[in-house]
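Trainee: My questions are about this predicted structure, shown below with the sequence.
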Amino acid sequence: MFGLPEKTELNKQLPKKAIYTKFSMNNAQKEKFEADISRIVIVNEISPATVNIAAGKDVSSFYVLLLSLKRTDYDTKTIELITKLIPQKMLLVLEYEGKACLAVWRTKLIRTDWQPLDSISIDISGLDIDAVWDNAIMQIGGITVAKGNTLDEQIAANTEREKLLKEIEILEKKARKESQPKKKYELVQQINYLKKQL
């Protein structure tokens, strides 16, 4: 499944009730969980025993979890909660009615676009599990790490860039609608300042 070796397959269902009990979830969290997720299955384990790649310093193994969703407009906080509660590195496959996207938590939730479930593939490349994990995150986020940056620094830089681009877009819309020349000029100055920061 997902282009991963057969040796990695687990297909172990995680009962939701066990998650509620183990992590002492409150009623609000349970309701969100129930509204978004129909089932959770650990489909693969990537470890030295299953892929014949050495353990890393930080990551010795990680799991691929299939989350069957009840809707596509799920609450991202529910997905984040799963990644924070379960003390394992996890690569998530969010699935809804034959479509899926890959997601992972690394300082923030990073995910791909929706695509047919059978076209989802996870690339395993790297000299150790640390590298495999980082490469999977870069694959999911479409991240290219600039020279001299760590993966976390690059994610932070990309997040900042996205914020600036959104801010510029909002200011450009305001500038187009603005009829007073002085205010329009001020908006253009703000836009130019933000573009320099990019």
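Mentor: Great, that's in hand. Since we're looking at a predicted model, the values are computed, not measured.
Trainee: Can you list the strands that the longest strand seen in the chain pairs with?
Mentor: Of all the segments of type strand in the chain, defined by DSSP state E, the longest one is strand 37-46. Taking DSSP bridges as the criterion, strand 37-46 sits next to strand 9-14 (antiparallel), strand 62-69 (antiparallel) in its sheet.
Trainee: tell me the average confidence for the last one?
Mentor: Translated: strand 62-69. The predicted model gives strand 62-69 an average pLDDT of 96.
Trainee: ok, now stretch 87-101?
Mentor: 94.
Trainee: mind checking which helix or strand E34 is in?
Mentor: helix 27-36 (DSSP states H and E).
Trainee: and that helix, C-alpha only, in PDB?
Mentor: Listed next in PDB are the C-alpha coordinates belonging to helix 27-36 (Å, rounded to 0.1, in the frame of the first residue of the first chain):
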ATOM      1  CA  ASN A  27     -16.200  15.600  26.000                       C
ATOM      2  CA  ALA A  28     -15.500  18.500  23.600                       C
ATOM      3  CA  GLN A  29     -12.500  16.700  22.200                       C
ATOM      4  CA  LYS A  30     -14.400  13.400  21.900                       C
ATOM      5  CA  GLU A  31     -17.300  15.200  20.100                       C
ATOM      6  CA  LYS A  32     -14.800  16.800  17.600                       C
ATOM      7  CA  PHE A  33     -13.100  13.500  17.100                       C
ATOM      8  CA  GLU A  34     -16.400  11.700  16.500                       C
ATOM      9  CA  ALA A  35     -17.500  14.400  14.100                       C
ATOM     10  CA  ASP A  36     -14.400  14.200  12.000                       C
END
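Trainee: and it, what other elements does it pack with?
Mentor: For helix 27-36, the packing partners by 3 or more CB pairs under 8 Å, 6 or more residues apart in numbering; DSSP states H and E come out as helix 16-22, helix 76-85. Bear in mind the C-beta positions are built from the backbone N, C-alpha and C, glycine included.
Trainee: Tabulate the ones you listed (JSON lines), appending mean neighbour count.
Mentor: Below are the helices and strands packed on helix 27-36 laid out as JSON lines (neighbours: other CB atoms under 10 Å):
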{"stretch": "helix 16-22", "mean neighbour count": "13"}
{"stretch": "helix 76-85", "mean neighbour count": "15"}
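Trainee: what's the least confident stretch among the ones you listed?
Mentor: helix 16-22 (a mean of 85).
Trainee: Just the CA atoms of that helix, as PDB, please.
Mentor: Extracted as PDB, the C-alpha positions of helix 16-22 are listed here (Å, rounded to 0.1, in the frame of the first residue of the first chain):
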ATOM      1  CA  LYS A  16     -11.300   5.300  19.200                       C
ATOM      2  CA  LYS A  17     -12.600   4.400  22.700                       C
ATOM      3  CA  ALA A  18      -9.100   3.200  23.600                       C
ATOM      4  CA  ILE A  19      -7.700   6.600  22.500                       C
ATOM      5  CA  TYR A  20     -10.300   8.500  24.600                       C
ATOM      6  CA  THR A  21      -9.500   6.400  27.700                       C
ATOM      7  CA  LYS A  22      -5.700   6.400  27.400                       C
END
